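# Here is a sequence with its predicted model. Questions after.
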Amino acid sequence: MKKTILIIFVLLISIKSFACSCECTGDCSFSAISDNQNFVALIKVIEYTDFLEDEIYGYDGKMPYSMTVEIVKKYKGSESKKRIKIWGDNGILCRPYISNFEVGKYYLIAPSIIENDSQTGKANDYDFFACWTDYLEVDYEKQIAYGKYSWWRKEISLEKFERKLEK
């Protein structure tokens, strides 16, 4: 019995380590990441665009693989499009799943640009890195972003965020 439990435990650990196994070193809060990214914006999720062909364990229905978002306000960067596409995880990419984002909701984002066309995204589209805090959920009515903004702050008003970027 102990041997069976040990084998199951080792299998579970090894399966989990196959997925994105990363650890952030240093300050990976939104404040630090947004300071170092070329593009930072407030966006609204318009639609899920592409879907994975394979089923994802624990998710009912078609898993979204990318989303189209509308740029509500650009804080930083040279992006000129009003709508952009952001790609998510397919189970092995160290990106958050697009299902974490809700259609119609707002987010403060500091994504990375995809440089080359591939099966995991198209050039000049964007993605997030699962080991950083490169997006925060926004309550648009209250104008407050929620999540790991900094080591000690779990929310920030959009007004304070804008003032910080202007410095």
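Thanks, I have it.
# Every contact and neighbour count from this point should use C-alpha atoms.
Fine.
# Now do the same contact list for the spatially most central residue of the chain.
By C-alpha atoms, centre = their mean, the chain has its centre lying nearest to residue 128, at 4.2 Å. By C-alpha atoms under 8 Å, 6 or more residues apart in numbering, the contact set of residue 128 is 86, 87, 88, 95, 96, 110, 111, 112, 134, 135.
# and the fifth one, what does it touch?
Residues touching residue 96, when contacts are defined by C-alpha under 8 Å, 6+ apart, comprise 88, 89, 128, 129, 130.
# The third one and residue 91, how far apart?
For residue 128, the distance to residue 91 (C-alpha to C-alpha, to the nearest Å) stands at 14 Å.
# same question, the fourth one
Counting by C-alpha to C-alpha, the gap from residue 129 to residue 91 is 13 Å.
# partner strands of the strand ranked longest in the chain, parallel or antiparallel?
Longest strand in the chain by number of residues (criterion: DSSP state E): strand 66-76. Next to strand 66-76 in the sheet, as set by DSSP bridges, lie strand 40-48 (antiparallel), strand 83-87 (antiparallel).
# Output those in a markdown table, with mean pLDDT and distance to residue 161 appended to each entry.
Formatted as a markdown table, the strands paired with strand 66-76 follow (pLDDT from 0 to 100; distance: least, C-alpha to C-alpha, whole Å):
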| stretch | mean pLDDT | distance to residue 161 |
| --- | --- | --- |
| strand 40-48 | 98 | 11 |
| strand 83-87 | 98 | 22 |
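# Ok, which of those comes nearest residue 164?
Evaluated over the strands paired with strand 66-76, closeness to residue 164 peaks at strand 40-48, with 12.7 Å, by C-alpha to C-alpha.
# Spell out the residue ranges of the helices in this structure.
2-18, 30-36, 158-166 (DSSP state H).
# Tell me where the model's unsure across this protein.
Scanning the chain with the threshold set as pLDDT under 70 gives 1-20.
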